[in-house]
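J.: Structure for the following, please:
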Amino acid sequence: MRRDTKVLVFVYGSLLKGLGNHSRLKCANAKFVGTGTVRAKLFTNNWFWPFIKFSNSNKDKVLGEIYEVTYGAVIDSLDRLEGYNIRHNSIHTADECQCLFFRKRATTNTGQKVTLYVAGHYLADAHATQITTGNWREAKNNADTESECE
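T.: Next comes the predicted model:
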């Protein structure tokens, strides 16, 4: 793919508007396209990392934001953030790759073809809690509020 090609990126965790890593999109002049869902389950391990695993069930939905970005520098920046190394992945099988996340393609509920990051084996096999609402912002806000009262 050409490095100046525009692609749609689906974000569901710390890259959401107003959260800690959103500046990577903001500074890259990413264009907000809208919100949507993908068929997946959302998890966290001790509120440190949100991650998803694809699902075959129409009941499993993860809410996210969709941005139009330039493929080259923006995707490279997101790859670094997500611990994805395409060169490492290309010389190892998926079972051997120790990438935290894999860059994948999916289709949203509105039919948009998006790029997103799903859990690599290291995360997928770790002890994690499912966020059944599929909404990271809401779940994180609720967890932060609960911890203030403890």
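
J.: lowest average confidence, helix or strand, in this structure?
T.: When the helices and strands of the chain are compared on mean pLDDT, DSSP states H and E, helix 86-91 comes out lowest with a mean of 52.

J.: What's the first helix or strand after that one?
T.: Proceeding N to C from helix 86-91, the next assigned helix or strand is strand 101-107, under DSSP states H and E.

J.: Just checking: what are the partner strands of that following strand?
T.: Here strand 101-107 has these sheet partners by DSSP bridges: strand 113-119 (antiparallel).

J.: what's downstream of the partner strand, the next helix or strand?
T.: Read in the C-terminal direction, the helix or strand following strand 113-119 is helix 121-124, with elements assigned using DSSP H and E.

J.: Can I get that following helix in CSV, CA atoms only?
T.: These are the backbone C-alpha positions of helix 121-124, laid out as CSV (Å, rounded to 0.1, in the frame of the first residue of the first chain):
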residue,chain,number,x,y,z
HIS,A,121,-1.2,-14.1,21.9
TYR,A,122,0.6,-12.5,24.8
LEU,A,123,-2.5,-10.4,25.7
ALA,A,124,-5.2,-12.9,24.5
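
J.: wait, what's in contact with Leu19?
T.: Contacts of Leu19 were listed using CB atoms under 8 Å, 6 or more residues apart in numbering, and they are 13, 137, 140. (C-beta placed from N, C-alpha, C; glycine too.)

J.: That'll do, ta.
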